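Student: pasting a predicted model and its sequence here:
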Number of protein chains: 2
Amino acid sequence: MPGKGDECAREVLDVVPTVMRFIRTEMRSHRALELSVPQFRSLVIIERAEGTSLAGVAAHLGLTPPSACKLIDGLAGRGMVTRKESSGDRRRVTLEITAQGAQALASARKASQKSLSRLLGALDAEELSRVTRAMSALRRVFEGRS
Amino acid sequence: MPGKGDECAREVLDVVPTVMRFIRTEMRSHRALELSVPQFRSLVIIERAEGTSLAGVAAHLGLTPPSACKLIDGLAGRGMVTRKESSGDRRRVTLEITAQGAQALASARKASQKSLSRLLGALDAEELSRVTRAMSALRRVFEGRS
DNA sequence: TATTGTTATACTCTATAACTATA
DNA sequence: TATAGTTATAGAGTATAACAATA
């Protein structure tokens, strides 16, 4: 017998990719800065946990080390992130966001939030609050797994 | 002054990619059938709207025609979808899911829903209901755009 | 020997531009 | 001329396998 969890799972499986596609398109549409979603998320992590390592980014995004490495290659090549050798453990790479990276991140975040916010304006206050709280619940459930 | 919509947008921007990554990983982990998320979604559309065209798939997924064409190439190459010439307009391609495609779809859907459902089991009944209803609201807002 | 990161390789997703066939 | 689909080309995201450097 399918329960509430199954119904919810079906909805999540159907709707999340739809929203994701909007986010991806939106992110890509800021021609000048043009951050992909994984690039955007990497910058968020590196800014929040200044001095994190490549393994840190990989873990937060649920990527394998080679994937994270290539992702950082792209950001470093565009001057948004720097790799430094860690003092203490010379195998470890310390990642830092540059001023340019921070500016691109802020700009992309602002524009994406604005677009999302405009669409979400179609919802009434109760629905908005429900969506916000639902996101919190999902974050709790999914963060860390992948 | 940032309002409820902005807060909600920030949450969506943060959480949706996280959930998406879980779905993608989950989808890929069924070694035998191995459907990507876009492939899965294509099959859903083709099964639901039997006889749809390539443009139909592109529109539903928010893809350009070449992207949809290549996506269908992959599914057709694996015997999950057939292309047929449409009667009436010979430019148009009629897409149909094969028995094998339908079986792969059912199997992938079942497995993914089960994994999602298991994780969502961490939520109580009220939260589950909130998430389900939030998904409905988001579907209403995002379906069609992209 | 174990860990951190990288390189090599391969595949999918996605786009834009140019083309074909049909309408 | 306009439309449906395709092919050509290119770049990002992702993975596994193999390797280098350090611990």
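Tutor: That came through fine. Numbers count the residues shown, from 1 in each chain, chains lettered A, B, ... in the order given.

Student: chain center to the longest helix along chain A: distance?
Tutor: For chain A, the longest helix by residue count, based on DSSP state H, is helix A:4-28. Chain-centre distance of helix A:4-28: 15 Å, with C-alpha atoms, centre = their mean, to the nearest Å.

Student: who's in contact with the most centrally placed residue in chain A?
Tutor: The centroid of chain A falls nearest to A:R41 when counting by C-alpha atoms, centre = their mean (2.9 Å). The contact partners of A:R41, by C-beta atoms under 8 Å, 6 or more residues apart in numbering or on different chains, come to A:H60, A:L61, B:P17. Quick note: C-beta positions are derived from backbone N, CA and C, even for glycine.

Student: now do 6 Å
Tutor: A:R41 sits next to A:L61 when contact means C-beta atoms under 6 Å, 6 or more residues apart in numbering or on different chains.

Student: quick one: average confidence on the host helix or strand of it?
Tutor: Taking DSSP states H and E as the definition, A:R41 sits inside helix A:37-48. Averaging pLDDT along helix A:37-48 gives 96.

Student: close to DNA strand C, is that helix?
Tutor: No: Helix A:37-48 stays clear of DNA strand C (C-beta under 7 Å from any atom of the strand), getting no nearer than 10.5 Å.

Student: need the strands for chain A, in chain order.
Tutor: Using DSSP state E, the strands of chain A run over A:81-85, A:93-97.

Student: who wins for proximity to A:A122 among those strands?
Tutor: Ranking the strands of chain A by proximity to A:A122 (C-beta to C-beta) places strand A:93-97 first, at 34.2 Å.

Student: what does the closest one contact?
Tutor: With contacts defined as C-beta under 6 Å, 6+ apart, strand A:93-97 is touched by A:I46, A:E47, A:G51, A:T52, A:S53, A:L54, A:V81, A:T82, A:R83, A:K84, A:S86.

Student: mind doing that once more with 10 Å?
Tutor: Here strand A:93-97 makes contact (C-beta atoms under 10 Å, 6 or more residues apart in numbering or on different chains) with A:42-57, A:68-69, A:72, A:75-76, A:80-87, A:103-105.
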